[in-house]
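Student: coords please:
(one chain, ligands or ions: 3)
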Amino acid sequence: MNIASVIVDVQAKSINQTFDYLIPERYVDILTTGMRVIVPFGPRKITGFVVGLKDNSEFDKLKEIIEVLDIEPVLTEELLELGKWVADDTLTMYITAYQAMLPQVLKAQYKKELVRNTDERLPEDLEFLFAGRDYISFEEFEQSSIPYSKLQKAIQETAISINYLVKSKITKKYVTFVEPNKEIYLIEESLMDLPQNATKQRELLGYFIKHPNPIEQGKLLKLTNTTRSTIKTLIEKGLLREYKQEVYRNPYDENAFERTYPLTLTEQQERAILPIKEKIEKQEHDVFLVHGVTGSGKTEIYLQAIQEVLEKGKEAIVLVPEISLTPQMVKRFKGRFGDKVAVMHSALSNGEKYDEWRKIQSKEVSVVVGARSAIFAPFENIGIIIIDEEHETTYKQEDQPRYHARDVAIKRGQYHQCPVVLGSATPTLESFARAQKGVYTLATLDKRTNEKEMPEVSIVDMREELHSGNRSMFSQVLKESIEQTIARGEQIVLLLNRRGYSTFVMCRDCGHVKECPHCDIALTYHKRNNQLKCHYCSYEEPMPNVCPECSSDSIRYFGTGTQRVEESLSQLMPHVRVIRMDVDTTRKKGAHEKLLKQFANKEADILLGTQMIAKGLDFGNVTLVGVLTADSMLHLPDFRSSEKTFQLLTQVSGRAGRHELPGQVIIQTYTPEHYSIQLSSQYDYKQFFLQEMHIRRKFRYPPYVFLALITVSHPNHVRAIQFTQRIVHYLSKVVQEETTTVLGPTPSPVTRVKDRYRYQCMIKYKNEPDLRRNIKKIINLYEEEMRKENLLITVDMQPYHLM
Ligand SMILES: Nc1ncnc2c1ncn2[C@@H]1O[C@H](COP(=O)(O)OP(=O)(O)OP(=O)(O)O)[C@@H](O)[C@H]1O
Ligand SMILES: [Zn+2]
Ligand SMILES: [Zn+2]
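Tutor: Numbers count the residues shown, from 1 in each chain. Ligands and ions are numbered 1, 2, ... in the order given. So this is what the prediction gives:
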């Protein structure tokens, strides 16, 4: 087959098709689907993915592939298909989906070089090409007439390897090893032949007689206190040999993880894992929702299910939210499965990410623990996929392709006929509803493994604090409890719920929050024209000067940063030691880890932070959790704000009393009667689910309907509205009138970004099989305007951020 179908890296809607290229003679045998190539496209050279091979093309005058970038395919057949599905489902380009599946290094512009790994003679023409050098540029090879297959063979035999140079940085790391070049008895003989005064050489040989194994040159020099030139002399004498070997950059030192062994499961855990194991055994797909309170031992269930999978020679993918990829979490997986585990998260350097990815690709590991994109791990024999904290919104990518990792997980689970396990103490309404319907299999763990009660939660009404003259951010109760906890030598976690501050407006006297009369969602304050707006239905009204409920003039939007809390803490309680954890203090690599270690070592009394401290932390000495303002998320212009508040409060409460000491939680709020706050304080997920579902049904939000969000942006305000208007108009005509609602044009919450005006059209639908096709049509319709007028239309088929 000498023709390749290629998906090219061109961003235009009509390019979502394959182009045929001729495969030059020397690539014919080696080119397979899933490899990247460089092809001519108009006057340019661009990259592309080979998605098919064939003998005939309906086009004539095909151009030739310029270069093949990979020796092994970077995408498997499964991933090629999956990428298409992701692209179709999220309405993006195939090329965008493929690129999202690969580590950054493989997306960047780079050069390649060939590395010689052996002293042994290479095939004659390759030997000639290297001409005594260890490294040559790939171009040199390309310019030679050596057949590609010869190089591929040398690579397979590991005599030669390919090195990718990213911005002249080496992506693979090589280390020189030294080892004896003769049998040890011969080395001993040579040692005796050496003159007495050749002490350094004698020392070196003496070392190898005792330790005949290969050793890193650097280590050897240190151990024997010799120099490079001594080694060289012995190599020249044919007694030692050296070779280069690739080493992976290892961000985690395996030896640092204490080995752990399976615990005897509790009865609840046993009941939860049984049906999962059954599916593993039968090699069948199913989706499980493990709904377990914090500290109920969900992670142990994951570990033992994975164990089962590994014993069958299969692989496991574990997704955890980015911010809970703490050393604690990594430790639990590395502790159980050691170097079988690859870890993928954004704090790794590009080189480290690439190394972890290649460990997966070469099947050197069989477990990957990672953030969202790890769902595309190039395993080929997956036995289980686990999504921990399945309610986390970070599983949805907010960039193209706007996919949800849960959907991709289920797709892959179906392909590999393996179970997908979703775990959470506070499942999303979507997942729990599916479990109720029997679409997912539900397992419930309502007890902590330590048999301890969930920590007692008290709610403090901050309005009353204000009325009794306390204007600080700390209620009397919280202040006293902090003092008492510290006096007992125990520790405190303080959460400042900060997301979305200063957008909603609240009366500090009575707690009244202005909401939209039609949507049950807080109005957003627009500073520019001093208006309050609803981002779901476009309702608006002027910002009031006094509270419409109680006529107080304390109505305002307010903001508090962690830094201010820290200051105020040190004023109030000067002796208290605080570790502040927020985006500012954790920006540096490893900072997050360092702060947690300090806290674990009891170098501080209080861990103060934003959302990032709510999850996954397991400190035995934490007995008090305080939430400074539980409401701040409640009034975001987001129909999920109650759900998110419930989740956050439940998660953070779960940080207290996890081991022997009993825990206590204090929640400060201006709206103590809100059901999210009330029900989370009672750990009543079920009641929350029922109440929230009722509201979702009433106002027609997911999971009762599906949402799609089309955002139009244009430099000209009027044009932005016009285009959105036309889209709304067009869609209204083609959708099913009774069950589908098309809303808009509505200004995006942040209406002007970078001098572009953004308007939205939201579609609420139940069953609209043609919706994707219709939206695609619209995009095609406006192709010319997009090019000429700088019009931008983005589509999100599963919007989470309605911004
Ligand atoms: N079967 C068991 N026997 C004894 N201890 C257990 C068992 N299973 C888990 N544990 C311990 O209980 C604690 C809580 O378990 P784990 O962290 O797995 O719970 P979780 O449900 O994942 O919690 P969270 O959702 O809060 O992260 C851990 O310290 C763990 O080692
Ligand atoms: Zn008021
Ligand atoms: Zn509204």
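Student: can you give me phi and psi for residue 629?
Tutor: phi -140, psi 100 (degrees, to the nearest 10).
Student: so who does it touch?
Tutor: 462, 473, 496, 497, 560, 668, 669, 670 (CB atoms under 8 Å, 6 or more residues apart in numbering). To be clear about C-beta, it is placed using only N, CA and C from the backbone, and glycine gets the same treatment.
Student: Which ones among these map onto helices?
Tutor: residue 462 (DSSP state H).
Student: So which residues of the stretch 401-550 of the chain form strands?
Tutor: For the stretch 401-550 of the chain, strands defined by DSSP state E, counting those that start in this stretch occupy the ranges 419-424, 441-445, 456-461, 491-495, 506-507, 524-526, 531-533, 540-542.
Student: right, and the ones you listed - which one's nearest residue 482?
Tutor: Ranking those by proximity to residue 482 (CB to CB) places strand 491-495 first, at 5.8 Å.
Student: okay, now residue 767: neighbour count?
Tutor: Residues near residue 767, counting by other CB atoms under 10 Å, number 10.
Student: ditto for residue 119
Tutor: Per other CB under 10 Å, the neighbour tally for residue 119 reads 11.
Student: do residue 36 as well
Tutor: For residue 36, using other CB under 10 Å, the count is 21.
Student: same thing with residue 293?
Tutor: Residues lying near residue 293 (other CB under 10 Å) number 20.
Student: which phi and psi does it have?
Tutor: Backbone torsions of residue 293, given as degrees, to the nearest 10, read phi -60, psi 160.
Student: Where do the strands of the stretch 51-200 of the chain begin and end?
Tutor: Under DSSP E, counting those that start in this stretch, the stretch 51-200 of the chain gives strands at 67-68, 110-116, 135-137, 160-166, 169-170, 173-180.
Student: closest to residue 48 out of those strands?
Tutor: Comparing these by CB to CB, strand 67-68 comes nearest, at 10.9 Å.
Student: which stretches of the stretch 701-803 of the chain have low pLDDT?
Tutor: The stretch 701-803 of the chain contains residues with pLDDT under 70 at 750, 753-754, 802-803.
Student: circling back: I'd like the strands of the stretch 401-550 of the chain as JSON lines, with mean neighbour count appended.
Tutor: Shown next, in JSON lines, are the strands of the stretch 401-550 of the chain (neighbours: other CB atoms under 10 Å):
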{"stretch": "strand 419-424", "mean neighbour count": "27"}
{"stretch": "strand 441-445", "mean neighbour count": "19"}
{"stretch": "strand 456-461", "mean neighbour count": "18"}
{"stretch": "strand 491-495", "mean neighbour count": "26"}
{"stretch": "strand 506-507", "mean neighbour count": "23"}
{"stretch": "strand 524-526", "mean neighbour count": "19"}
{"stretch": "strand 531-533", "mean neighbour count": "18"}
{"stretch": "strand 540-542", "mean neighbour count": "13"}
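Student: would TSV of those strands with distance to residue 611 be doable?
Tutor: Converted to TSV, those look like this (distance: least, CB to CB, whole Å):
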stretch	distance to residue 611
strand 419-424	16
strand 441-445	24
strand 456-461	19
strand 491-495	8
strand 506-507	20
strand 524-526	20
strand 531-533	26
strand 540-542	30
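Student: Lowest average pLDDT across those strands?
Tutor: Lowest mean pLDDT of the strands of the stretch 401-550 of the chain: strand 524-526, a mean of 73.
Student: Past the helix or strand harbouring residue 359, which element shows up next along the chain?
Tutor: In the assignment (DSSP states H and E), residue 359 maps to helix 350-361. Proceeding N to C from helix 350-361, the next assigned helix or strand is strand 367-370, under DSSP H and E.
Student: check whether stretch 479-493 contacts ligand 1.
Tutor: No. Shown here: stretch 479-493 not in contact with ligand 1 (CB under 6 Å from any ligand atom), separated by at least 12.8 Å.
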